[in-house]
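Q: Any chance you can model this:
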Amino acid sequence: QIQLVESGGGLVQPGGSLRLSCAASGFTFDIYTIHWYRQPLGEVRKERDRDLVATIDPAGSTLTYADSVKGRFTISRDNTKKMAYLQMNSVQPEDTGTYFCRTWPYTYWGQGTDVTVSS
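A: Residues are numbered from 1 along each chain as shown. As a prediction, this is how the structure comes out:
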């Protein structure tokens, strides 16, 4: 069974850090690009309307970020463990949202993990 499962969300204070994880199973993880997306907390959006946050290629050598998170977030992956990560540093209230991982070119989505940045 093909699955992507995000974890690591929670409540964090502004300026703090959080690491999100994306665990993959049921497919050949190391041939897929991984994206992290987000949407406002409590808001239901169509998948195509979610905001792209970061992308990592299959080899982990090409990383791209949305301007809003550049310099604060780091995407990474461990193909031996079939895991992808999003390290979130210096978080701000506007980083609050539900975070999803997604594969490309064949599209699989996880169920999301909620991040709340608040004091």
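
Q: Nearest the geometric middle of the chain, what residue?
A: W36 (3.2 Å; CA atoms, centre = their mean).

Q: buried ones in the helix or strand harbouring it?
A: For W36, the enclosing helix or strand under DSSP states H and E is strand 33-39. For strand 33-39, a neighbour-count test (16 or more other CB atoms under 10 Å) marks I34, H35, W36, Y37, R38, Q39 as buried. Yep, even glycine has a C-beta here, placed from its N, CA and C like the rest.

Q: Adjacent strands (with direction) for the helix or strand just after it?
A: Sequence-wise, the next helix or strand downstream of strand 33-39 (DSSP H and E) is strand 51-56. Looking at strand 51-56 with DSSP bridges, its partner strands are strand 33-39 (antiparallel), strand 63-65 (antiparallel).

Q: Can you add distance to Q111 and give those strands back as TSV?
A: Shown next, in TSV, are these (distance: least, CB to CB, whole Å):
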stretch	distance to Q111
strand 33-39	12
strand 63-65	23
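
Q: I'd like to know which of those strands is closest to T107.
A: strand 33-39 (9.5 Å; CB to CB).
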